[in-house]
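S.K.: any chance you can model this:
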Amino acid sequence: MEPKRCHWAEGTFDQYISYHDEEWGVPVHDDQTHFEFLVLESAQAGLSWSTILKKREGYRKAFADFDVQQVALFTEAEIETLTTCKEIIRNRAKIAAAVNNAQRFIAIQEEFGSFDAYIWRFVDGQVKIGHWKSHAEVPATTVESDALAKDLKKRGFKFLGSTTIYAHMQAVGLVQDHTVDCFRYRELQK
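M.R.: Have a look, this model is predicted:
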């Protein structure tokens, strides 16, 4: 029998279920993973997460396996080439934002020692646990995502508003928003 999952992951494709079961809500302390999710979350703006997950491998190839140092050095010509890459979302503004954000990401690493040290400050270093009975109760933004998005914008990041940042916080486990009836809710409490 299939375990009970968050409503949004039920009846979806295998990659989506794996993402829910293995990644979503798991605390991340690796800068490369943080950068990967920032690129993917900003690419998602206006689209479905399933669309982005299906293109994740394409993003890995296009964005140097999410090596922030390499992406920060992408030239205008490389950005233009990526606008023709069918394996990613070919939105020039989003691609250029990923390069810009890589540069801003490095500045944060230099200031705080790591992006991880910077981002976890917004939840006082502790996972914020939701106790949601249904997905409808899960907020789209929080005071913390508002503050983080505002600070990132002040630092020059693009395509990362509060809703996108809250999705990032969920993805990398700063917040744990599995519903209480989901098997991952209990597993991540341990």
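
S.K.: in the lengthiest helix in the chain, what's buried?
M.R.: Longest helix in the chain by number of residues (criterion: DSSP state H): helix 92-112. Across helix 92-112, burial judged by 16 or more other C-beta atoms under 10 Å covers 94-102, 104-106, 108-109. All C-beta spots, glycine's among them, are computed from the backbone N, C-alpha and C.

S.K.: again with stretch 167-184
M.R.: Those would be 167-179, 182, 184, for stretch 167-184 by 16+ other C-beta under 10 Å.

S.K.: which of those residues fall in strands?
M.R.: Val175, Gln176 (DSSP state E).

S.K.: just give me the closest of the buried residues of stretch 167-184 to Ser18.
M.R.: Arg184 (12.0 Å; C-beta to C-beta).

S.K.: list the residues that contact the closest residue to the closest one other than its chain neighbours.
M.R.: Of all residues not flanking Arg184 in the chain, His178 sits nearest, at 4.5 Å (C-beta to C-beta, 6 or more residues apart in numbering). By C-beta atoms under 8 Å, 6 or more residues apart in numbering, the residues touching His178 are Cys6, Trp24, Gly25, Gly130, Arg184, Tyr185, Leu188.

S.K.: which one of those residues is nearest to Asp124?
M.R.: Gly130 (16.0 Å).

S.K.: and for that closest one, the neighbour number?
M.R.: Close neighbours of Gly130, defined as other C-beta atoms under 10 Å, add up to 17.

S.K.: what about the helices in the protein?
M.R.: Counting by DSSP H, the helices of the chain are 14-18, 31-44, 49-54, 56-62, 68-72, 76-82, 92-112, 115-120, 143-154, 162-171, 183-189.

S.K.: who wins for proximity to Ser134 among those?
M.R.: The nearest among the helices of the chain, by C-beta to C-beta, is helix 183-189 at 12.4 Å.

S.K.: contact partners of the closest one?
M.R.: Contacts of helix 183-189 (C-beta under 8 Å, 6+ apart): 3-6, 20-21, 24-26, 129, 173, 176, 178-179.

S.K.: list buried residues within the residues you listed.
M.R.: Here, 16+ other C-beta under 10 Å leaves Arg5, Cys6, His20, Asp21, Trp24, Gly25, Gly173, Gln176, His178, Thr179 buried among the contacts of helix 183-189.

S.K.: gap between the closest residue to the first one other than its chain neighbours and Pro27?
M.R.: Looking back up the chat, that one is Arg5. Nearest non-adjacent residue to Arg5, counting by C-beta to C-beta, 6+ apart: Cys182, 5.5 Å away. Using C-beta to C-beta, to the nearest Å, one gets 17 Å for the distance from Cys182 to Pro27.
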